[in-house]
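1. A structural model of the following input is requested.
(2 chains)
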Amino acid sequence: MINLKRSKKPPLIPMSSMSDIGFLLLIFIMLISLINQRHEVKIDYSEAKVLERTQEPENLEIWVERNGRISVDGKVVALDDLEQLIAGTLAYQPSARVHVIADRNTPYRHVNAIVGILQTLQHRVVSFVVREEL
Amino acid sequence: MKRKPDDPGDSASLNDLSFILIIFFIAIAGFNVNKGFLMTLPNRERPRIVQTEDLLKCSIDASGTYSVDGKSMGKEGLEEAIKDKRLNHPNMTFLLLIDPETPYQAVVDVIQAVRAQKVENFSFRMEAAGA
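-> Numbering: from 1, shown residues only, chains lettered A, B, ... in the order given. Have a look, this model is predicted:
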């Protein structure tokens, strides 16, 4: 007769590998969030209640401060250079979405200057970025 | 009382910490999503012809006051004016004339009102300075 002895020790699931998986996931997500980072300009956002998502895989964000200073990717850009920058970006990435992120108190003429450039370049779709009103 | 030695494989607290950090970074990654209004810019070369009775002309002055067909009104009044016009003219066109010094938020408010009333034909342009 075979003597089968049942172990009295309760079954144990090794949890040490869980932290390895956790940290690998953490490194992956940290890298993803680093790739997605953008150069924020300190502005007072415009607000609206009804919004739509305007984000695309490829985006060009044009920031307009209250005094009309324009910046792209953290660099201040003159209006004359902006046309070349937009044209260059759209030539390289034709499906790129152009976003205008302006301060709520910016006089409209500054935003209109960007709109005018886009019209000149025959790029007729633009996203006016606003924040959700709470 | 005999104390049980610490299990070197017991890393439950590390698991908790790593997953909390994961949740934090997922939340951070989700912040960079642009939301707003997708605008189709008017074509300079091919202006659209619109019937005058379908047109609702609104202008905003430098102080952000709206004026519809020469009548000054607030945000609520503007929404009502769009609603009334749309009832009688479902294919209405909304034309927004913006003063160069108008604060951007006032323009956003008009766009919001137009979008809320589901007006499809929307056009805007800046008025010449001193006009």
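2. So the closest residue to chain B within chain A, which state does it fall into?
-> Closest approach between chain A and chain B, counting by Cβ to the nearest Cβ: residue A:22, at 3.2 Å. Just so you know, the C-beta spots here come from the backbone N, C-alpha and C atoms, and that holds for glycine as well. Here residue A:22 is recorded as helix under DSSP: H, G, I helix; E, B strand; the rest coil.
3. Show me what the worst-scoring helix or strand of chain A on mean pLDDT packs onto, helices and strands only.
-> Ranked by mean pLDDT, DSSP states H and E, the weakest helix or strand in chain A is helix A:16-35, scoring a mean of 80. Secondary-structure packing of helix A:16-35 (3 or more Cβ pairs under 8 Å, 6 or more residues apart in numbering or on different chains; DSSP states H and E): helix B:12-29.
4. quick check: angle from the helix it packs on to helix A:16-35?
-> Inter-element angle recorded for helix B:12-29 and helix A:16-35: 20 degrees (by axes from the mean of the first three to the mean of the last three Cα atoms, to 10 degrees).
5. what comes into contact with helix B:12-29?
-> Under the contact criterion Cβ atoms under 8 Å, 6 or more residues apart in numbering or on different chains, helix B:12-29 has outside partners A:15, A:18-19, A:22-23, A:25-26, A:29-30, A:32-33, A:36.
6. In chain A, where is pLDDT below threshold?
-> Applying pLDDT under 70 to chain A flags the ranges A:1-7, A:36.
7. Quick one: the strands in chain B, in order.
-> In chain B, the strands defined using DSSP state E lie at B:35-40, B:55-60, B:66-68, B:71-73, B:93-98, B:121-126.
8. Make a markdown table out of those and add distance to chain A and mean neighbour count.
-> Listed next are those as a markdown table, based on distance: least, Cβ to the nearest Cβ, whole Å; neighbours: other Cβ atoms under 10 Å in any protein chain shown:
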| stretch | distance to chain A | mean neighbour count |
| --- | --- | --- |
| strand B:35-40 | 4 | 17 |
| strand B:55-60 | 8 | 19 |
| strand B:66-68 | 14 | 18 |
| strand B:71-73 | 18 | 12 |
| strand B:93-98 | 5 | 20 |
| strand B:121-126 | 4 | 18 |
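9. Can I get these in JSON lines including mean pLDDT?
-> JSON lines is the format used below for the strands of chain B (pLDDT from 0 to 100):
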{"stretch": "strand B:35-40", "mean pLDDT": "90"}
{"stretch": "strand B:55-60", "mean pLDDT": "89"}
{"stretch": "strand B:66-68", "mean pLDDT": "89"}
{"stretch": "strand B:71-73", "mean pLDDT": "86"}
{"stretch": "strand B:93-98", "mean pLDDT": "90"}
{"stretch": "strand B:121-126", "mean pLDDT": "87"}
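10. For residue B:110, which non-adjacent residue is spatially closest?
-> Spatial nearest neighbour of residue B:110, excluding adjacent residues (Cβ to Cβ, 6 or more residues apart in numbering or on different chains): residue B:96 at 5.7 Å.
11. Hmm, residue B:55 and that neighbour touching each other?
-> No. Contact criterion Cβ atoms under 8 Å: residue B:96 and residue B:55 do not qualify, at 11.5 Å.
12. okay, the residue in chain B that chain A sits nearest to: pLDDT?
-> When scored by Cβ to the nearest Cβ, chain B has residue B:18 as its residue closest to chain A, at 3.2 Å. Here, the pLDDT recorded for residue B:18 equals 79.
13. Could you find the closest non-adjacent residue to it?
-> That would be residue A:22: by Cβ to Cβ, 6+ apart, it lies 3.2 Å from residue B:18.
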